[in-house]
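Visitor: need coordinates for the below:
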Amino acid sequence: MLRGIRKASSNWLGKAVMTVVMGFLIVSFGVWGIADIFKGFGQSKLAKIGGTEISVEAFRQIYNDRLQQLSRQFGRPLSQEQARMFGLDRQVLQQTIAEAALDEEARRMGLGVSDAETLRVIHSDPNFKGVNGQFDPARFAAIIRQAGYTEQRYVAEQRRVSMRRQITGTVSAGNEPPKLLMDAITRFQNEQRSIDYIKLDAAQAGTIDPPSPEALAAYFEDRKVQFRAPEYRKISYLMITPEEIGKWNAVSDEEARKIYDERKDKMGTPDKRQVEQIVFPNMEEATSARNRINASFTFEDLAKERGLNPSDYDLGTIAKSAIIDPAIAEAAFALPSGEISQPVQGQFGVALVKIGKIEPATVPSYESVAATIKQEIATANARAKVNELQGKMEDERGGGASLTEAAQKLGLTAVTIDAVDRSGRLPNGQLVANIPRGLDVISQAFNSDVGVDNDPIQFQGGYVWYDVLGITSSQERPLDEVRDQVEAKWREDQISSRLRTKATEMVKKLEQGGNLAEEAAAVGSKVESAKDFKREASVAGVPSSTITAAFRTPKDGFGQSGAGSEWTVFKVTDVSVPPVDMASDEVKRLQDSLQRGLAEEQVAQYVAKIQKNIGTTINEAALAQVTGANNN
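Guide: Numbering: from 1, shown residues only. Next up, the predicted model:
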């Protein structure tokens, strides 16, 4: 397929096709996706846009792919309920519909993209370039295979991407954000303020006497809900992953050394040489030049005579594999240090090659890599074992065995947590310690129930099975059970109330002509300063709420901010707005951002108009079934 495109790109028309940049169009709803799966579906459709139908299974594949991508970003699996909370279901639906609408419009307009342009787009993608900066066919094949594409399908998809960009690029062309808007935003972002401030903490609140039994009881009665015992669940789980299984199996030195012997030539660094070459147009000229080189006329003299700079003929210290021309590579790595080759017929002409410093290949010792090799072997063995155990586990569960029973039959041990709340805390308030980071088994358990046969969670290349063994409902707790917590919360509220009152009184005195230093001395505090900070700044020692309040306060004005046992009283001592340089990099970045936003909005409106014109219908029941909304 790529060879065919390459052939087509050799003519002048193919080379003249407009330049496009490969990749996803950055619009809020996402325009690109796997559109070829939209064709040919009649039954079980989830949506129809004009003449294009999106099947339930096609949408399910796209939705699950995006859910997995989002899970990887968060570092833990996300449930379907969590995905819906993020709005993933509607985002993916809007994306697939928008893609189909643009494809319909491209067909209506008779748009097309040449093989030459499609090839250029693929070859220009940095993801497909090798160490030499050139397109690497092997890397291309590996990446698209990992993403689930065949070469033909990927090429066809990129052709559609280019057609969509023809449309959206035309729609959004010429958008220019108003200079007045850029000036206002830049001034807003760059405005700086300076303050003098006093910190108030628990020390300035004074002595807080313990509450009377009646006061504490009344306080508790008004806030019972804050001190309720949360819902607890008793759960058990079994984790079968390559890492876990790898811990069970010891790898012998004999097995590891065998792998070492097979790989040692590739594990170290290869032989490297400083290679210099001068290329001649023909053998006669190269031979004549080689014959002139002697003690008084060096290789370097020859290079200068031919008007070459060192960067023109010095390839640097490189490995044999880094030399593109095989003939030159063979000649260079056959010569000793300091030698100059006889003329070598290469792919790009006849060359003289000189070898400088030689760096011999290095091979790491077995001892230095033994642990890594053993881990690789253990993990590889464990992957096969995971699949075996997964099948056996499902058989046991399918036969009615509980998680604990199934684990015992397979010689495994399930972990049981007697009581855990939704936040992952035990009744003593401590976090559960034996759940691996990133394993979201607790929230999954709270979305299940006792006796439910739950699907396993995919985790770290393996699976985690879990059961809910019991549920203890949330319930009110008597004051005697939570007295210490209630008294601590009462004390916090008293401190906060006193500090708020004190801060308010201080601001009133300052506004009436008081002095910040005198007010600080009166409460045993001191005046501190923060200079020239912006709205989004993080200033050491200054709460973010104080920074926000300072930008609501005029110059020479006073204000307060805080919560709990940390309050601040401040005076704005300076307000400055640097002049706007419309040619600065900052303004250019802002302009680009605003321009993208305007383009996204314009494209979104255009796509919405297409959808309205050609007609769009959505099977909400099918959407709910795919995204799990009908399971609630």
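
Visitor: report pLDDT for Val20.
Guide: The model reports Val20 with a pLDDT of 28.

Visitor: and what of Lys502?
Guide: In this model, Lys502 is scored at 94, pLDDT.

Visitor: now do the contacts for it.
Guide: 200, 204-205, 523, 567 (C-beta atoms under 8 Å, 6 or more residues apart in numbering). In short, each C-beta sits where N, CA and C put it, glycine included.

Visitor: can you count the residues close to Ser576?
Guide: Residues lying near Ser576 (other C-beta atoms under 10 Å) number 11.

Visitor: and the closest residue to it other than its chain neighbours, backbone torsions?
Guide: Once flanking residues are discounted, Ser576 sits nearest to Gln192: 4.9 Å by C-beta to C-beta, 6 or more residues apart in numbering. Main-chain torsions, Gln192, degrees, to the nearest 10: phi -120, psi 150.

Visitor: which residues are in contact with Gln192?
Guide: Applying C-beta under 8 Å, 6+ apart, the residues near Gln192 are 532-534, 574-578.

Visitor: can we see that at 6 Å?
Guide: Neighbour list for Gln192: 532, 534, 576 [criterion: C-beta atoms under 6 Å, 6 or more residues apart in numbering].

Visitor: distance of the residue lying closest to the second one once chain neighbours are set aside from Pro137?
Guide: Read that as Lys534. Once flanking residues are discounted, Lys534 sits nearest to Gln192: 5.9 Å by C-beta to C-beta, 6+ apart. Applying C-beta to C-beta, to the nearest Å, the value for Gln192 to Pro137 is 54 Å.

Visitor: same question, Ser473
Guide: Distance of Ser473 to Pro137, given as C-beta to C-beta: 62 Å.

Visitor: okay, the two: which has more neighbours?
Guide: Taking other C-beta under 10 Å, Ser473 and Pro137 do not tie; Pro137 has more neighbours (12 against 8).

Visitor: next, the more buried one: phi, psi?
Guide: Backbone torsions of Pro137, given as degrees, to the nearest 10, read phi -60, psi -40.

Visitor: quick one on the thing from earlier: so can I have a markdown table of the contacts of Lys502 showing distance to Arg263?
Guide: Converted to a markdown table, those look like this (distance: C-beta to C-beta, whole Å):
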| residue | distance to Arg263 |
| --- | --- |
| Leu200 | 66 |
| Gln204 | 68 |
| Ala205 | 68 |
| Val523 | 71 |
| Trp567 | 64 |
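
Visitor: biggest separation within the residues you listed, which pair?
Guide: Comparing all pairs in those by C-beta to C-beta, the longest separation belongs to Val523 and Trp567, at 10.8 Å.

Visitor: these two - which one has more neighbours?
Guide: Shown here are Val523 and Trp567; by other C-beta under 10 Å, Trp567 has more neighbours (28 against 17).

Visitor: is the more buried one bridged to anything, and to what?
Guide: Leu200, Gly562 (DSSP bridges).

Visitor: ok, Ile293 - how many residues close by?
Guide: Ile293: 16 neighbours (other C-beta under 10 Å).

Visitor: which SS state does the residue nearest the centre of the chain fall under?
Guide: Nearest to the mean C-alpha position of the chain, by C-alpha atoms, centre = their mean, lies Gln73 at 4.8 Å. When classified by DSSP: H, G, I helix; E, B strand; the rest coil, Gln73 comes out as helix.

Visitor: make sure Val279 is actually in contact with Ala351.
Guide: Yes: if you go by C-beta atoms under 6 Å, Val279 and Ala351 touch, sitting 4.9 Å apart.

Visitor: looking at those two, which one has more neighbours?
Guide: More neighbours surround Ala351 than the other of Val279 and Ala351, with 23 against 19 (other C-beta under 10 Å).

Visitor: can I get the contacts of Lys502 in TSV with pLDDT and distance to Leu46?
Guide: Shown next, in TSV, are the contacts of Lys502 (pLDDT from 0 to 100; distance: C-beta to C-beta, whole Å):
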residue	pLDDT	distance to Leu46
Leu200	94	59
Gln204	89	62
Ala205	89	60
Val523	90	66
Trp567	94	55
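
Visitor: any idea which of the residues you listed is the one closest to Ser538?
Guide: The shortest approach to Ser538 among the contacts of Lys502 belongs to Trp567, at 19.2 Å (C-beta to C-beta).

Visitor: from Val575, how far out is that closest one?
Guide: Separation of Trp567 from Val575 (C-beta to C-beta): 23 Å.

Visitor: check which residues of stretch 540-551 are buried.
Guide: Of all the residues in stretch 540-551, those buried under the rule 16 or more other C-beta atoms under 10 Å are 542-543, 546-547, 549-550.

Visitor: which residues are in contact with it?
Guide: 193, 195, 530, 535, 559, 561, 568, 572.

Visitor: helix or strand right after the helix or strand of the chain with the lowest mean pLDDT?
Guide: Here the helix or strand of the chain ranked lowest by mean pLDDT, DSSP states H and E is helix 12-15, holding a mean of 32. The helix or strand immediately downstream of helix 12-15 is strand 45-49, counting by DSSP states H and E.

Visitor: and that next one, what does it pack onto?
Guide: The helices and strands touching strand 45-49, judged by 3 or more C-beta pairs under 6 Å, 6 or more residues apart in numbering; DSSP states H and E, are strand 52-55, helix 88-109, strand 616-618.

Visitor: looking at the ones you listed, which is closest to Ala370?
Guide: Smallest distance to Ala370 across these (C-beta to C-beta): 44.8 Å, for helix 88-109.

Visitor: what helices and strands are in contact with that closest one?
Guide: strand 45-49, strand 52-55, helix 151-172, helix 585-614.

Visitor: quick one: low-confidence parts of the stretch 101-250 of the chain?
Guide: 131-132, 146-148, 246-249 (pLDDT under 70).

Visitor: ok, back up a step: any quick ChimeraX command for the buried ones out of the contacts of stretch 540-551?
Guide: Listed next is the ChimeraX selection for buried residues among the contacts of stretch 540-551, using 16+ other C-beta under 10 Å:
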select :193,195,530,559,561,568,572
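
Visitor: of the contacts of stretch 540-551, closest to Val155?
Guide: Closest to Val155, out of all of the contacts of stretch 540-551 and judged by C-beta to C-beta, is Arg535, at 48.0 Å.

Visitor: and the closest one, how far is that from Gln189?
Guide: Between Arg535 and Gln189 the computed distance is 7 Å (C-beta to C-beta).

Visitor: phi, psi of Lys555?
Guide: The phi and psi values for Lys555, taken as degrees, to the nearest 10, are phi -60, psi 140.

Visitor: leaving out chain neighbours, which residue sits closest to it?
Guide: Using C-beta to C-beta, 6+ apart and skipping residues adjacent in sequence, the residue nearest Lys555 is Val575, 4.5 Å away.

Visitor: got the contact list for the nearest residue to Gly461 once chain neighbours are set aside?
Guide: Leaving aside its sequence neighbours, Gly461 sits nearest to Pro242 (C-beta to C-beta, 6+ apart; 5.1 Å). Contacts for Pro242 (C-beta under 6 Å, 6+ apart) come out as 379, 382-383, 386, 461.

Visitor: between those residues, which is nearest Gly169?
Guide: Set against Gly169, the nearest of the contacts of Pro242 by C-beta to C-beta is Gly461 (41.1 Å).
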